[in-house]
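this is a predicted model, with the sequence first.
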Amino acid sequence: MAVETPVSAGTSVPAAPVARGGRVRRRNAGWLFILPFLLVFAAFLVAPLVYAGYLSLWTKGLATGTTFAGIDNYTRAFGDPSFRKGLWFVLRFSVVVIPLQIVVALVAALLLDEITGRLARFSRLMIFLPYAIPAVLGALMWGFLYSPTFGPIEQIASFFDVRAPFLLSQGNVYYGLLNVVTWQWSGYYMIIIYAALKGIDSSIYEAARIDGATARQIALRVKVPMVGSALALILVFSLIGTLQFFSEPQILRPIANGSITPDFTPNIYAYELAFNYAQFNYASAISFALGFVVFVAVAIFMVVTRKRGSLFT
Amino acid sequence: MRFRTTLSVVAPVVLALGLAGCGGWDDSSSGSGGTAAKATNCTNKIVHEDAKKVLVWAWYPNMAKVVDNFNNQHTDVQACWTNAGQGQPEYAKFQTAISAKKGAPDVIMLEADQLVGFEIQDALVDLAPYGANEVKKNFSDGAWKDVSQGDKVFAAPVDGGPMALIYRADIFEKYGIKTPPKTWDEYAADAKKVKDAGGPVFGDFGSNVPAVTTALMIQKGAQPFVYNLADKKNLTVKLDDQATKDVLDYWGTLSKQGLVGKEDQFTTDYIAGMVGGKYATYVSAAWAPGYLTGAGVGNGKDKGKFAVAPLPQWDASKPVSVNWGGSAFAVTSQTADKAAAAKVALGLYADDASLKDGWQTQTIFPLNQSVLKSDDFLNAKIEFFDGQTVNKDIYVPAENAYKGAVYSPFTVYYYAQLQAQIAKINQGGTTGSQAATDLQAQIVNYAKQQGFSVQ
C-alpha cells in the first residue's frame, strides 16, 4: 500500500556507523525537509483550528455582545434539535451510501481487472470520469437532469404520459442525493481498489487455478481478501466524507423547493450559522462537535474491523 | 542544532501571521469599525481618476448606467461599483465582513427589511449629519420611516415594492374570469374555477419568498415584530396571532388542494413556468416585471399577455397596501471617509436620468417624489402590461397607501425559519396554524439566546 511506503523506507535506512555529531546533523536535516510542509500545515490547518477552538468558547448575542461561555456552546450543540437532525441524516445516509459505493467500486474494479484491451481502458476512464468533474459542477448537472420542467427524466416520462417523480422533493431527496454521491465517488474508489488489485502477485492466481479455483472463486476468495486494506481505507475516507456532507446538498438547495433545509447536514448548519446568522462562535462549536462525532465514528469502525494498527500507528 | 533553532523561530511567526489574518490586526485601520475593502477592482470605468473613490456593492440590473451617470456628474467623488450578489448572498458577505472587521464596501445596497439587523451591530453610519435631511423632502413619510430610527437616518431610499396582482390576461379570458379577483375569497374561487376547467395552477406559494408571505400576513393585520433601536433589548414577537394563522392556513389550503404551485420562485424552472403560462397569477411587487423581462418572460409569443390588478384584499371596503422589497443605499461604518461615502449613498440613483432608466425598464419602482408626481411616469404605457398605465392606476395608489413596516433585528434568521415552515406546509407536514405556533416558539427562543427580553 502506498500509505505504508514511507514508513518502510524510513526503517530500512541502514544505520551507518557515523560520528555522534554527524548523526545529530542528519536528524536535523530531516526537519529541513519537512519544513515547507510544516509551515503550510501550521498556517492553514493548525492556526485556523486553534482560532476556531478559541472562538467556540465565547458566545455573541445581538443584544448582549460577546461573553465567555466555556463549554456552554458544546452542551447546547449536542442538545440542539437542528444539529441532531443533521447528524441523524448523515448517519442514515452513510449506512446506505458507503456500502453502495464500495459494492459498485469493487464490482467495477474486479471486472476491469479481468478484461484487457481498449475496452478496459475506455471503461476505466469512463467510470473514473465523474470523480474528475468538480463536485459543484456535478451537482449543478444533476440539478438540471432532475429538473421537472426541462430535465431529461421528465421528458422521457412524458413519452409514456406519466409524471416523473421530482428527485429533490422531501420524500425523494435522500435518493436523489444518494445517486449523485454514488455517481461522483464510486469511480475514485474503483481506482484505489484497481490499483491494489494490480499490486497482487499474479503467481497467487496461478496457484489458485492449479488448485482448481474458478474465476469467481478467485475473485471472491483471493482478490477481495487481498485488497482488504484498500477497502478499509475507502471505508474510512467515505465515512469521513459523508459525515461532512456539504457540497452537493448546498448546491442543490436553491432548486429543491425547500426540502434541503438550513440544518440539512451538520456542515451546512455550521456554514449557515456562521455566514448567514453571524454566529461564528456557535458555528465553531458545531464544527468541533461534528469533528468529535467523526472521530468517534472512525474509532468505532477501527475497533470493529480490528484495523487499528494500520492507520493510527 | 541550527535547523531546530530556525524552526522554533519560524513556526511562531507563521502562527502569528495566520492568526493576524483571522483576527484582523491591521495597523492601517482608519475607521472605528475596521477597514473597508479597497476600491480597486471596479466593474465600471472611473471618469475622474484623481477623485476619491468609494466602493459600492449593489445589484440593480441597470447599475452600470447609474454609476456612469453619477461619475460623469461628480468630480470630487467617484463610485467604484461591484455586484456582490442579489440579496441574501450580498448580506452574507457583508455580515462576514462585519464579523471580520474588514472587507466591507463603503456604500452598500440593502433592502429595507435588513436595515435594523445591521444597525444593531453598529455596522451602518447615521447619515443625518452628512446631509440626509436635505433629501428628505423627496420621499414620502412611509418611505423615510423605513430607513430611519427616530432622528437617525441609516440609508437613502431608492426604490419600493408596492404589491399587486400580476396575471395572465389570456388565461383569465380562456377560463371566463371577467374581472380580476378583488378579495382573497374571490381569488380562491377563481383558482378553483380554473382548476376544475383543467387549467393551470392559479398562483404559487413558494417557500423561498418568505418576505411575500410576511407582507400578506401584515395585510391581514398581523404585526410580527415590534422593535425600536432606542430600546435595544426589548423585542415583541407575535407570530401566532389569528391573522398570521389565517394567512398561512389560506395558502396552505390552496397548496394542499393543488390550486397554487409549491415551487420556489426565481429558479430556472419557475421562470420557465412563467413563460409557459403555468401560473395564472403572480402576487408580486412593482419591480418584478423588470426582473421577469430580464429573464425572458413576456417576450415572443407571450408578448402582451400580462396585466396587473390591485392586490386582492381580505375586506374590500378596507383595503390595505403592503410592500415587498425595495432597497436603499447605506454607508458602512468601515468606511474611511464618511462624508465622501455619504455623498455617494445620497447621490447614487437619485439623478433624473438614472431614475428614468430604472422605471422605464421596470427594474425599480422609484420612491423619489419628483418621479412619482411626474406626468411622464404617471401616464407611461407599460409595454410588459400591453400598454396598461399601471403606475397611475395600480402602483402609485398602492405606494401612497403604504404605511411602512417594522422589522425584526434578525430578519435573515426569521425568514429562514418561515421558509422552512412554508416548505413543510407545502409538503403536507404541517398546517398553517401549527406552523404559526411553531414559528413563534422558534423565534422567541432565538431572540432569548441573542439576549433580547421578549414580550
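Thanks, I have it.

whatever residue of the stretch 301-450 of chain B ends up closest to chain A: which element?
Nearest to chain A in the stretch 301-450 of chain B, going by C-beta to the nearest C-beta, is B:Ala423, at a distance of 2.6 Å. All C-beta atoms are positioned from the backbone trio N, CA, C, and that covers glycine. With secondary structure defined by DSSP states H and E, B:Ala423 is part of helix B:411-426.

quick check: next helix or strand after that helix?
Assigned by DSSP H and E, the successor of helix B:411-426 is helix B:432-449.

and that next one with helix B:411-426, angle?
Taking axes from the mean of the first three to the mean of the last three C-alpha atoms, to 10 degrees, one finds helix B:432-449 and helix B:411-426 inclined to each other by 150 degrees.

burial of the closest residue to B:Phe410 other than its chain neighbours, as a residue count?
Nearest residue to B:Phe410 in three dimensions, chain neighbours excluded: B:Gly117, at 5.7 Å (C-beta to C-beta, 6 or more residues apart in numbering or on different chains). Using other C-beta atoms under 10 Å in any protein chain shown, the number of residues around B:Gly117 comes to 23.

distance between the one helix or strand B:Gly117 maps to and the chain's centre?
Secondary structure assigned from DSSP H and E places B:Gly117 in helix B:115-119. On the basis of C-alpha atoms, centre = their mean, to the nearest Å, helix B:115-119 sits 13 Å off its chain's mean C-alpha point.

contacts made by the helix or strand following that helix with the rest, please.
The helix or strand immediately downstream of helix B:115-119 is helix B:132-135, counting by DSSP H and E. Helix B:132-135 has contacts (C-beta atoms under 8 Å, 6 or more residues apart in numbering or on different chains) with B:153, B:156, B:342, B:346, B:350.

isn't B:Asp351 up against B:Gln73?
Yes: in this structure, B:Asp351 is within contact of B:Gln73 by C-beta atoms under 8 Å, at 6.4 Å.

so which of those two has more stuff around it?
Comparing B:Asp351 with B:Gln73 by neighbour count (other C-beta under 10 Å), the higher total belongs to B:Asp351, at 16 against 12.

with adjacent residues omitted, what lies nearest to the more buried one?
Closest residue in space to B:Asp351, ignoring its immediate chain neighbours: B:Asn69 at 5.5 Å, by C-beta to C-beta, 6+ apart.

check contacts around the one you found.
By C-beta under 8 Å, 6+ apart, the neighbours of B:Asn69 are B:351, B:353-354.

ok so it is a strand residue?
No: assessed with DSSP: H, G, I helix; E, B strand; the rest coil, B:Asn69 is helix; it does not lie in a strand.

on the three-state scheme, A:Phe264 is what?
Of the three states, A:Phe264 takes coil under three-state DSSP.

quick check: phi and psi on it?
phi -60, psi -50 (degrees, to the nearest 10).

same check on B:Phe365?
phi -110, psi 100.

per-residue pLDDT, it?
On the pLDDT scale, B:Phe365 is placed at 92.

excluding covalently adjacent residues, which one is nearest to it?
Nearest non-adjacent residue to B:Phe365 (C-beta to C-beta, 6+ apart): B:Ala286, at 3.6 Å.

do you have the strands of the stretch 1-150 of chain A handy? List them.
A:58-61, A:65-68 (DSSP state E, counting those that start in this stretch).
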